[in-house]
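Peer 1: here is the input, now give the coordinates:
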Amino acid sequence: MLEKLLRFSIEHRWMVVLFTALVAAVGLYSLQRLPIDAVPDITNNQIQINTVYAALSPVEIEKQVTFPVETALAGIPGLEYTRSLSRNGFSQVTAVFGDDVDIYFARQQVGERLREAGESLPPGAEPTMGAISTGLGEIYMYTVHYEHPEGKGASTADGQPGWQGDGAYLTPEGERLETEVERAAYLRTVQDWIIRPQLKNVVGVAGVDSIGGFTKQYFVQPDPMKLVSYGFTFHNVIEALEANNASTGAGFIEHKGEGYNVRVTGRINNEAEIAGIVLGTRNGTPIYVRDVATVGVGRELRTGAASENGEPAVVGTALMLIGENSRTVSKAVDEKMIEIRKSLPPGVQAKTVLNRTALVNETIKTVEKNLFEGAILVIVILFVMLGNFRAAIICALAIPLSMLLTATGMVASKTSGNLMSLGAIDFGIIVDGSVIIVENCLRMLAERQHQLGRKLTLAERLETVFAASKQVRSATAFGEAIIIIVYIPILFLTGIEGKMFRPMALTVIFALVGAFVLSLTFIPAMVAMGITGRVKEKDIFFVRWLKAIYLPTVTWAVRARWAVAAVAVAAFAGSLLLFTRLGQEFVPTLDEGNIAMHAMRIASTGIEQSADMQVQVERTVSVFPEVAFVFSKTGTAEMASDPMPPNVSDTFIILKPEAEWRSEEDLAKAISAKQEELEATGAHADEHGSGHEGEAGHSDAGGDEHGHAHGPPPTGSKGKLIELLQLTLNQVPGNNYEFTQPIQMRFNELISGVRGDVAVKVYGDEYDQMLPVAEQIAAALRDTQGGTDVKVEQAEGLPMMTVELDRAALARYGLNVTDVQDVINIAIGGREAGLVFQGDRRFNLVVRLPDALRANVSGLADLPIPLPAEDASSSASSASAERGDAMPQPPRPPFVPLGSIANVQIAEGLNQISREQGKRRVVVQANVRGRDIGSYVGEAQKKIDEQVKLPPGTWLDWGGQFENLMAARERLMI
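Peer 2: Below you'll find the model as predicted:
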């Protein structure tokens, strides 16, 4: 078959060349459609189910929300496992499906199961599925902030939208923003109602997440004492607000031949209308909402914050739809942002802070540079070695043509182009078959001319080219086939390791197959067309020198064949011994150009305190001359794709081009100076940061300071910069740090739900048994050389205010448990009482205690609890009779203070409850520095087996990158 293909290609050479040109045109078209990204998307097929229910603690959330959702999902076709976390008022269940399951089918099945599970969930708990995106779908981030924070340096024009002379900000809608909270809430309003709706219309965007600022709310904050004095309850306020905030239609009428639609308006439009709602009358006098409560515009009880360069901001994140091209989508989002900026209010800016296009473009430049330099090098070597310019050009044409064929195959197989896949292409291997055929054709053409003593005729030249190509076709076929066979086992990798390495194997195979086809069709045809006239085949000096060495060496090897064979066997055995000592890593590290830093505080840190501490961190980092700007996200964003507790911040440090950095020598001097400064002032992690074990995630430095680089330590100037950042940030009290990169930060978490290189998962039922085991494992990991950033999952440490109800007291007053719980829920957590519409915008109307009373723990005991209406009525009637009133007074329900029916106390409780495969789980994680993961885990496993005794019902599992490394190794060994 190969012989027929060769003859056809030579005899119909013009047809082959034209067909090759057509194929190349298809390749160019495919190249334009080839999805490009910096790294392969290794996210497993997963769906996140989020449920917000502020009334429940972590334990109650687990029992009443998380467990029912997990149970409902069990048995869905293609479901591999579930993992979950339960925090105060928040539940997230992640359902992981097989890679062959269609994500839309999976979401349909999950939606049906959630509807069925709704009956077993608490009233008001509504599970929602996350965006149809992947864990690496955060392709574009931007901040929304004031150009001049607090109006400093801004031009003012009183009465015009923008900053006013008195420091207030006037919105285009005419609303004056005088406080910091109001201005922060307006930034979030701009994000939610101006920017986000427009970005969601961009093709390829699955959703837009928001964090920071304050979601605007209209609040009604009753004074409990005033409520008691007028005889009203929280429920009375809510009912009055709901009854006076509605618009309705009343059909239509006909009048003089015309039809009139009838509409009854009653919607609340502003604070004044809210304050003027009547709650009831007392002695003929109407009592308004303003008489018992404060009405205003305020903020939600947020779970996340954001800042930029030490100033509060709002961070928006565009999430890419599964299967889209990140380069194309991020570019479209950036173009849309240019249009959006034109419609922003005066003095408000939307600044792009992270654009995946920049990283992809840098990756493409790296690949293009390497491919171009490789192609030039190959062409030069071919010309030098072959000694024939036309022959060198013919061989070199195999490079671009193979690349175009590869692009066609990648598009057809939906394989993305990235640094790993495109960077694996070796031009030397691609042109190998073509070089063999061209070189043999040159040799036989020269020999035939020498035999005949004249130029060859067309028929003689074609026959010689055919004979020369036929002579070496087996060698080229076997050579290409052997290389392809080497890559075939990679195609059988599954899971995350398959997603990581299969694109690389497919790309190389496409390139080799394309090169092989070209060497049997296009190359012989071009030789027959292009190598005309007199052909000289001679060796250059370098080749003659090599032959002078090679020929006697081969002669000697044939004579001493047994000795040569023994040396070969010994070398093979030695290589096997060295192979067993090789380090093992799952994936290489890509330099993304920027730094991501994980800042952690103790578990009891609230969101506002954590945000204030993060501002100090940013201001410390932003003064570095290498830093362009810094921004961060603290706590959980609205869509909760990466739910963090309020004591944790993701800090993104965007660096200037390296040419603008201090030299590596200057950075080293700065490090030495900082170390001397710390030693002189006696500063240490134990004095200036929360470097103590048990704080900020039970982090241990493993002998270093309390900030660490994630994975292999960066080298060169970037490594020095991170070291200097560590030393400087150690002086900011209350924080623990981990240094990594934006994409890499999500990488380990996507692999197994944790952020570390190595994770030991402790499964069981009771935290009293699991946590001591986790601490013992952490000690063993610390004692193992190379282990850093060893942390035990923060399962405990969250202060919990518990209201323990006295059932005997409840019985005396005729109260039910739910009656008391409902009042506390409204007073502390707040209760929505409707919506306030402003054009397309809508804002919640919420009833809750004033912030000062909510924060007064001791004062909670004075919270008035209304007694049942029946008791109230009888009490009021008897009181009227005693006074001898002619007309009975309106019933004033008596109240009882919470402290007389309950005991309010504060104790340490669970911070979060993690589950996997239906069991509770505590994770001990570590990063590995200075050695490979495989050897580190091997040594750590021996220590854990010797030092850790597991209680009954408790078992361990290893995860992180190590889990996928072992899976890939086992699959390859098969």
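Peer 1: find the nearest non-adjacent residue to Ile607, please.
Peer 2: Leaving aside its sequence neighbours, Ile607 sits nearest to Pro646 (CB to CB, 6 or more residues apart in numbering; 3.9 Å). (C-beta placed from N, C-alpha, C; glycine too.)
Peer 1: and the one you found, that's in a helix?
Peer 2: No. Pro646: not assigned to a helix; according to DSSP: H, G, I helix; E, B strand; the rest coil it is coil.
Peer 1: could I get the phi/psi values of the nearest residue to Ala125 once chain neighbours are set aside?
Peer 2: Excluding its sequence neighbours, the residue lying closest to Ala125 (CB to CB, 6+ apart) is Tyr53, at 4.5 Å. The phi/psi pair for Tyr53 (degrees, to the nearest 10) reads phi -150, psi 90.
Peer 1: got a pLDDT number for Tyr53?
Peer 2: For Tyr53, the pLDDT comes out at 85.
Peer 1: how close does it sit to Asn816?
Peer 2: Here Tyr53 is placed at a distance of 20 Å from Asn816 (CB to CB, to the nearest Å).
Peer 1: mind checking which of those two has more residues around it?
Peer 2: More crowded of Tyr53 and Asn816, by other CB atoms under 10 Å: Tyr53, with 21 against 11.
Peer 1: could you pull out the strands in the stretch 451-600 of the chain for me?
Peer 2: With DSSP state E, counting those that start in this stretch, the ranges of strands along the stretch 451-600 of the chain come out as 595-600.
Peer 1: for it, which segments count as helices?
Peer 2: 458-487, 495-520, 522-530, 541-559, 561-580 (DSSP state H, counting those that start in this stretch).
Peer 1: out of those, which comes closest to Ala861?
Peer 2: Across the helices of the stretch 451-600 of the chain, the minimum distance to Ala861, taken as CB to CB, is reached by helix 495-520, at 53.0 Å.
Peer 1: which strands and helices sit next to that closest one?
Peer 2: helix 2-11, helix 398-412, helix 419-423, helix 427-430, helix 432-452, helix 458-487, helix 961-973 (3 or more CB pairs under 8 Å, 6 or more residues apart in numbering; DSSP states H and E).
Peer 1: how about the ones you listed, which one is nearest Lys351?
Peer 2: For those, proximity to Lys351 was assessed by CB to CB; helix 419-423 is nearest, at 27.7 Å.
Peer 1: so where's the chain shaky on pLDDT?
Peer 2: The chain contains residues with pLDDT under 70 at 386-387, 536-540, 580-590, 682-716, 747-755, 869-893, 960-974.
Peer 1: okay, now the sheet partners of the longest strand along it, with direction.
Peer 2: As assigned by DSSP state E, the longest strand anywhere in the chain is strand 133-146. Applying DSSP bridges, strand 133-146 is found paired with strand 314-321 (antiparallel), strand 348-355 (antiparallel).
Peer 1: what residues are up against the closest residue to Ala293 other than its chain neighbours?
Peer 2: Excluding its sequence neighbours, the residue lying closest to Ala293 (CB to CB, 6+ apart) is Pro222, at 4.1 Å. Pro222 is in contact with 232, 234, 237, 292-293, 847, 849, counting by CB atoms under 8 Å, 6 or more residues apart in numbering.
Peer 1: now do the phi/psi pair for Pro222.
Peer 2: According to degrees, to the nearest 10, Pro222 has phi -70, psi 150.
Peer 1: what packs against the helix or strand containing Thr94?
Peer 2: Assigned by DSSP states H and E, Thr94 belongs to strand 90-97. Here strand 90-97 touches strand 45-52, helix 67-73, strand 79-87, helix 103-117, going by 3+ CB pairs under 8 Å, 6+ apart.
Peer 1: of all these, which one is nearest Ile277?
Peer 2: In terms of CB to CB, the element of these nearest to Ile277 is strand 45-52, at 28.1 Å.
Peer 1: give the pairing partners of that closest one; include direction for each.
Peer 2: Strand 45-52 has its sheet partners listed here by DSSP bridges as strand 90-97 (antiparallel), strand 128-129 (antiparallel).
Peer 1: pick the most buried one from these.
Peer 2: With neighbours taken as mean count of other CB atoms under 10 Å, the strands paired with strand 45-52 reach their highest mean count in strand 90-97, at a mean of 24.
Peer 1: chain center to that strand, what's the gap?
Peer 2: In terms of CA atoms, centre = their mean, to the nearest Å, the centre of strand 90-97 is set 15 Å apart from its chain centre.
Peer 1: correct me, but Lys919 touches Val762?
Peer 2: No. Checked against CB atoms under 8 Å, the pair Lys919 and Val762 is beyond contact range at 10.0 Å.
Peer 1: and these two? which has more neighbours close in?
Peer 2: Ranked by neighbour count (other CB under 10 Å), Lys919 and Val762 place Val762 first, with 26 against 14.
Peer 1: secondary structure class for the closest residue to the more buried one other than its chain neighbours?
Peer 2: Distances taken as CB to CB, 6+ apart place Val922 nearest to Val762, at 4.6 Å, with adjacent residues excluded. Under three-state DSSP, Val922 falls in the strand class.
Peer 1: count the residues that sit near Ser155.
Peer 2: Other residues within reach of Ser155, judged by other CB under 10 Å, total 10.
Peer 1: give the contact list for it.
Peer 2: Counting by CB under 8 Å, 6+ apart, Ser155 has contacts 162-163.
Peer 1: and it, how far is that from Pro346?
Peer 2: Ser155 sits 10 Å away from Pro346, going by CB to CB.
Peer 1: do the same with Asp102
Peer 2: Distance, Asp102 to Pro346, using CB to CB: 48 Å.
Peer 1: backbone dihedrals for Glu638, please?
Peer 2: Phi and psi for Glu638, reported as degrees, to the nearest 10, are phi -60, psi -40.
Peer 1: tally of neighbours for it?
Peer 2: 22.
Peer 1: wait, it sits on Ser210?
Peer 2: Yes. The pair Glu638 / Ser210 is scored as a contact, 4.8 Å apart, by CB under 8 Å.
Peer 1: between the longest strand of the chain and helix 103-117, how many degrees?
Peer 2: Interaxial angle of strand 133-146 relative to helix 103-117 (axes from the mean of the first three to the mean of the last three CA atoms, to 10 degrees): 80 degrees.
Peer 1: could I get strand 133-146 in PDB with only the CA atoms?
Peer 2: Provided in PDB are the C-alpha atoms of strand 133-146 (Å, rounded to 0.1, in the frame of the first residue of the first chain):
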ATOM      1  CA  SER A 133     -18.500  26.900  34.500                       C
ATOM      2  CA  THR A 134     -15.300  25.200  35.600                       C
ATOM      3  CA  GLY A 135     -13.000  25.800  38.500                       C
ATOM      4  CA  LEU A 136     -10.600  27.600  36.100                       C
ATOM      5  CA  GLY A 137     -13.400  29.600  34.500                       C
ATOM      6  CA  GLU A 138     -12.500  32.800  36.400                       C
ATOM      7  CA  ILE A 139     -11.000  34.400  33.200                       C
ATOM      8  CA  TYR A 140     -11.600  38.100  34.000                       C
ATOM      9  CA  MET A 141     -11.600  40.200  37.200                       C
ATOM     10  CA  TYR A 142     -12.200  43.900  37.600                       C
ATOM     11  CA  THR A 143     -12.600  46.300  40.500                       C
ATOM     12  CA  VAL A 144     -15.300  49.000  40.900                       C
ATOM     13  CA  HIS A 145     -14.000  51.900  42.900                       C
ATOM     14  CA  TYR A 146     -14.100  55.700  43.200                       C
END
